[in-house]
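Participant: sequence first, predicted coordinates after that:
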Amino acid sequence: MSQLAIKNFNQPDESVNLSGHGQKDTVMIDGMPVERAEFTKGWRWSNDVKPMAGTDTCEVHHLGYCLEGHLMVHMNDGTDKDIRAGDAFEIPPGHDAEVMGDDKVVLIDFGKAHYSK
């Protein structure tokens with residue numbers, strides 16, 4: 001049974017440094033992860049996360065909202081899409097992504113963000 005739950009990203013359940021180009025904080029609510037990710041200029045999944053993930057491309061299904069910045073997503077099928085502040089997004093497995101421009105990117109990812117362990 002669900003109950004009222006409030007978590008704050010200032011006290012995450014998990015925090016991961018992304019090779020100096022970003023930070024990913026996760027809070028668990030009712031058994032589901034909610035992530036706040038911040039990527040700085042120069043961040044690219046294939047450079048900063050691939051070594052940790054151990055896969056050629058990101059195999060995580062993302063459902064979220066972009067608070068700040070501009071992210072370019074490169075799908076394995078050759079499709080490229082921009083995600084900008086104010087955009088809600090769904091990204092299926094099989095992609096790379098990179099920060100575009102000088103501004104940081106801040107995303108909230110709801111529930112589908114965690115790798116299976």
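Facilitator: All right, it came through fine. Residues are numbered from 1 along each chain as shown.

Participant: and the strands in this structure?
Facilitator: Along the chain, counting by DSSP state E, strands occupy 14-17, 22-29, 32-39, 62-68, 70-75, 80-84, 88-91, 95-99, 105-110.

Participant: closest to Gln3 out of those?
Facilitator: Nearest of those to Gln3, taken as CB to CB: strand 22-29 at 10.2 Å. Every residue, glycine included, has its C-beta placed from N, CA and C.

Participant: ok now that closest one, how far from the chain's centre?
Facilitator: Centre-to-centre, strand 22-29 and its host chain are 9 Å apart (CA atoms, centre = their mean, to the nearest Å).

Participant: now stretch 32-52
Facilitator: That offset, for stretch 32-52, works out to 6 Å (CA atoms, centre = their mean).

Participant: go on, stretch 8-22?
Facilitator: So, by CA atoms, centre = their mean, the centroid of stretch 8-22 is 11 Å from its chain's centroid.

Participant: shaky segments in this structure?
Facilitator: Scanning the chain for pLDDT under 70 picks out 1, 112-117.

Participant: got CSV for the strands of the chain, with mean neighbour count too?
Facilitator: Converted to CSV, these look like this (neighbours: other CB atoms under 10 Å):
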stretch, mean neighbour count
strand 14-17, 12
strand 22-29, 17
strand 32-39, 20
strand 62-68, 18
strand 70-75, 19
strand 80-84, 15
strand 88-91, 14
strand 95-99, 21
strand 105-110, 20
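
Participant: what are the bridge partners for the spatially most central residue of the chain, then?
Facilitator: For the chain, the residue nearest the mean C-alpha position is Ala37 (5.2 Å; CA atoms, centre = their mean). Beta-bridge pairing of Ala37 under DSSP bridges involves Lys24, Leu107.
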